[in-house]
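> Structure for this input, please:
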Amino acid sequence: MTQLLKHYYLNRDNGKWATDTRFGLMMPKIEHLDVQYRLEDENNIPFMLSHVPENLEKQIRVTYLEYGQYATDEEDNELPLENQLELWLNANNIVGIETTRIEYDENILEPTGVPSGETRERVAFDVKYNEPYVVTESVGLTTLSQAQWDSEISTYDTRQQNSRYDILRVNRDKMLESTDWLVIKSQETNVALSTEFITWRQELRELPNNVGFPTSYPNLPSSLESDSQLQELTSNFNEVRSFQMINDPLPPLPEPELPGE
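This is a model prediction of the structure:
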C-alpha cells in the first residue's frame, strides 16, 4: 500500500516550499519518495504527484533482557520463549511479520560484575515488523485520497486540453481566413464551389468540437494541395503535443527509426 502525495519543490534560497515561484527549485528530501507525475498548477507553478510507502519495514533484535520479564504468567507457570516474546511485542505495540530465533552464549558475571568464565545458552529473536510512515503535512505538502488524486489529474488534463484547443482554433481560423476569398469569388461570379472544398471548410469549423479529440486536421481538398501556407498549417498538428496530458487521447507517436533500419 502507498500514500498519495501532492507536493511542490523547495525554494533553493530559503528552503521553504516553492508554491509561488518557478525558479531556483530543488527536490524535497522525502524518504522513499517515488514521483509519478510532474505537473503545473493553475498559476503555472510546478508541483508533483508522488507515492510514499504506507509502512516501512524495520528490524530489531529482542534479547532475554527484554522478553525475560514475561518468563512466567500470573500463576507462576514458566512460559515458552515465543510466548514471552509475543507478550513483549504486544506491550510495545509491535506487530511482527517475520521472526528468526538466534541462539547464543551469554557470559555469566560474578556479583562484582566480573566475568566468571562460564557461559549459559540464551535465545534472541530478530523481528521484522511494519512501522507506519507518518507524513507531516504543510502548505506545500498534502496527502490525498484516491478521489483527490484522480481529481488533480483530471483538472490538469482539462487545463492542458483547453490549451491544445486554443492552438487548434488559431490554426483552423488561419486556414478558413486564407480561403475566404474563394468563397467570396464564388458568390460574386456565381460559380459553385466543389463539394470537397465545402466539406473541408465545414470540418474545419467543427474543430475541436467534433466527437473525440481530433488527431489531425482535415485533409486538404485537391484544389489546395499546392498551397504552401495551408500545407504547413495542416502538417503542424503535433504542435498540440507541446501541452502534455497524463491521460492523453492522442495515440502515441511512432518510435523514431534508428540509422540503418
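> what about the residue lying closest to Ser222 once chain neighbours are set aside, how many residues close to it?
Once flanking residues are discounted, Ser222 sits nearest to Glu196: 6.6 Å by C-beta to C-beta, 6 or more residues apart in numbering. All C-beta spots, glycine's among them, are computed from the backbone N, C-alpha and C. Counted by other C-beta atoms under 10 Å, the residues lying close to Glu196 total 13.
> For the helix or strand hosting Glu196, enumerate the helices and strands it packs against.
Glu196 is part of helix 195-205 when elements are defined by DSSP states H and E. Helix 195-205 is packed against helix 146-189, with contacts defined by 3 or more C-beta pairs under 8 Å, 6 or more residues apart in numbering; DSSP states H and E.
> re earlier: quick one: contacts of the helix holding Glu196?
172, 175-176, 179, 182-183, 210, 217-224 (C-beta atoms under 8 Å, 6 or more residues apart in numbering).
> same question for it, mean pLDDT?
The average of the pLDDT scores along helix 195-205 is 94.
> Number the chain from 220, please
Shifting the count to begin at 220 puts that one at helix 414-424.
> For the helix or strand following that helix, buried residues please.
With elements assigned by DSSP H and E, the helix or strand that comes after helix 414-424 is helix 447-454. For helix 447-454, burial by neighbour count (16 or more other C-beta atoms under 10 Å) applies to Leu449, Leu452, Thr453.
> got the end-to-end distance for stretch 279-290?
20 Å (C-alpha to C-alpha, to the nearest Å).
> for Tyr228, what are its contacts?
Trp236, Ala237, Leu244, Met245, Met246, Pro247, Pro265, Phe266, Met267.
> and the gap between the residue nearest to Leu244 when sequence neighbours are not counted and Gln367?
Leaving aside its sequence neighbours, Leu244 sits nearest to Tyr228 (C-beta to C-beta, 6+ apart; 3.8 Å). Separation of Tyr228 from Gln367 (C-beta to C-beta, to the nearest Å): 20 Å.
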